[in-house]
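Participant: Please work out how this folds:
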Amino acid sequence: MSNAPALAPDVCERARLSRDARFDGLFFTAVRSTGIYCRPVCPAPPPKPRNVDYYPSAAAAESAGFRPCLRCRPELAPGAGSWRRGDDTLARALQLIDEGALADASLATLAARVQLGERQLRRLFVDRLGAAPVAVHTTRRLLFAKQLLTETALPVTTIAMESGFGSLRRFNAAFRDAYDLAPRDLRRELPGVSAGPLVLRLGYRPPYDFAAMLEFFAGRALPGIEQVDAHSYARVFDAGDGMGRLRISQWPAPARAPVHALRLELHGAPAGSLLAIVQRVRRMFDLDADPRAITAVLANDARLAPLLAARPGLRIPSGWDGFEIAVRAVIGQQVSVAAARTITTRLAMRHGRPVPMESAAAGFAHLFPDAATLAGADLDGLGLTGARATAVRAVATAVLDGRVGFSVDGTLEDFISRWTMLPGIGPWTAQYIALRALGHPDAFPAGDLVLQRAVTGDGSRLAEAALRARADAWRPWRAYAVIQLWRAASDTSAATPPSLPAVRGARRRSAA
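Facilitator: Numbering: from 1, shown residues only. Here you go, the predicted model:
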């Protein structure tokens, strides 16, 4: 068993000395002379190599007795994308931990969900992350609490609950044991912001094309639910008895000092939901992706290499809610993006719950309807065919009774198999849902006509079987190839003179 990161020590050393932000979160630097661990981008003077140890995770560094640096703030580091994404058992277990799997259940339950024995799962975590699953879970909660203490004016008791501790006493004890500091002492040392909207910083590894992400969302934004402009994305969401609002924008950076982070502004978040909301936003904007790992695989393809060079920061634009994405995928079968948005907007206006006055004043009107509402909803007159209306209701019913869902317990193959058992859901739709609802890095709708044309680069079309065969070399990052090719097709279409045919409206082909 080893605490060494997956990266070679000489790579870690060069990244640390150059403060290379591309490696942020992929390893942590622990300084034996101070007992502090840091991100590789820490602005402090670099320690001497003989005093440095490298760890693959914050949990490993904390398990070894090191405390997080107050300057570089390890809580802001993006997650290790290759370990938190895809079908690998460790990736699925980490995603389940991010979803709170160890908050209310045992390690044995988590192990069963990923089809491993408890001892096997613990060994896997220690071998690859340098810490046991429970330690990873605890570190995650403590670092989130540290961020809330530093960036918000929330009371310490509220922070204890928001970070997943059952009581203030347990939180104080865990925080002091880990950091040799009381939570209130950290707040005195790093004063919290003034009261107002909750604002949090969400880090990512560069390059990151936030403008392209906003452009993707803008073309699909549902009036009354979402607002997208050149600088931000905003939406309303269900907050239990009330409604919440969020806005995502680029974190402002001082001159000559880039800040690789987005700004999350929250209004009306229900108690105990902050950690889950942050995880949703991170997935939605694909903030934990590792561009180096993705490019290392995809750049071997002659078609993809120039696309990656031109747009290295493209990410997977996921969605806020899995059910919403699934409904939109069904509605979008074999129609243009604009037509799908029009029909979906009508559905949301008819069946979505109206927002309260405060959100209405901000330009919002209603929530997206939930599965219970759409399972028996009247969908006549919206522009849906009978088959697609039936499929929407079938999806809602299947989500309610648990036949399908948006969990990462199983593999991508398991997910596709479950979804394609539903009426009106073919392989394209199921893969699209995996891409946009799960943010699965290897989702691949091979039946997509735009992909089949875009991959050739010359206007001809590659057969689906041939496209699948070619894409085998892109695993486990096929979804990023999809995003690159969709973007290339969009750019080509926009540059095509009106008198010439362009690839429009044929983005989707469902086998339903």
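Participant: Touching, Gln120 and Ala111? I think so.
Facilitator: Yes. In terms of C-beta atoms under 8 Å, Gln120 counts as a neighbour of Ala111; the distance is 7.1 Å. For every residue, glycine as well, the C-beta is placed using N, CA and C.
Participant: tell me the domain ranges of this protein?
Facilitator: In the assignment given by automatic domain parsing, the structural domains of the chain cover 9-75, 290-316+441-512.
Participant: returning to what we had before: which one's more surrounded, Gln120 and Ala111?
Facilitator: In terms of neighbours (other C-beta atoms under 10 Å), Ala111 is the more surrounded of Gln120 and Ala111; the figures are 20 against 13.
Participant: out of the domains of the chain, deepest packed?
Facilitator: domain 9-75 (a mean of 20; mean count of other C-beta atoms under 10 Å).
Participant: which element is the residue lying closest to Gly332 once chain neighbours are set aside on?
Facilitator: Taking C-beta to C-beta, 6 or more residues apart in numbering, and ignoring the residues beside it in sequence, Gly332 has Ala340 as its nearest neighbour in space, at 3.8 Å. Under DSSP states H and E, the secondary-structure element containing Ala340 is helix 337-351.
Participant: who does the helix or strand following that helix touch, helix- and strand-wise?
Facilitator: Downstream of helix 337-351, the next assigned helix or strand under DSSP H and E is helix 357-361. The criterion is 3 or more C-beta pairs under 8 Å, 6 or more residues apart in numbering; DSSP states H and E, and there are no helices or strands that helix 357-361 contacts.
Participant: Does the residue nearest to His351 when sequence neighbours are not counted fall in a helix, a strand, or a coil region?
Facilitator: Spatially, and ignoring its direct neighbours in sequence, His351 is nearest to Pro369 (3.9 Å; C-beta to C-beta, 6+ apart). At Pro369, secondary structure determined by DSSP: H, G, I helix; E, B strand; the rest coil is coil.
Participant: Show the contacting residues for Pro369.
Facilitator: Leu347, Ala348, His351, Gly352, Arg353, Ala377 (C-beta atoms under 8 Å, 6 or more residues apart in numbering).
Participant: try 7 Å this time
Facilitator: Neighbour list for Pro369: Ala348, His351, Gly352 [criterion: C-beta atoms under 7 Å, 6 or more residues apart in numbering].
Participant: how far away is the second one from Thr345?
Facilitator: Spelled out, that is His351. Note on His351: its distance to Thr345, by C-beta to C-beta, to the nearest Å, is 11 Å.
Participant: can you check the last one too?
Facilitator: The span separating Gly352 from Thr345 equals 10 Å under the rule C-beta to C-beta.
Participant: re the thing from before, tell me how many other residues crowd the residue nearest to Gly332.
Facilitator: By other C-beta under 10 Å, the residues close to Ala340 number 22.
Participant: I'd assumed Ala329 was in contact with it.
Facilitator: No. If you go by C-beta atoms under 7 Å, Ala340 and Ala329 don't touch, sitting 8.9 Å apart.
Participant: Arg113 contacts Asp409, correct?
Facilitator: Yes. Taking C-beta under 7 Å as the contact criterion, Arg113 and Asp409 are neighbours in contact, 4.8 Å apart.
Participant: tell me the contacts of the closest residue in space to Lys146 that isn't next to it in sequence?
Facilitator: Counting by C-beta to C-beta, 6+ apart, Lys146 lies nearest to Glu75, which is 5.0 Å off, once chain neighbours are set aside. Contacts here follow C-beta under 7 Å, 6+ apart; on that basis Glu75 touches Pro68, Leu143, Phe144, Lys146, Gln147.
Participant: helices or strands next to the helix or strand encompassing the third one in the packing?
Facilitator: Right, Phe144. Assessed by DSSP H and E, Phe144 sits inside helix 133-151. The helices and strands touching helix 133-151, judged by 3 or more C-beta pairs under 7 Å, 6 or more residues apart in numbering; DSSP states H and E, are helix 58-63, helix 89-98, helix 107-113, helix 118-129, helix 156-162, helix 168-179, helix 183-189, strand 198-203.
Participant: Right, I'll leave it there.
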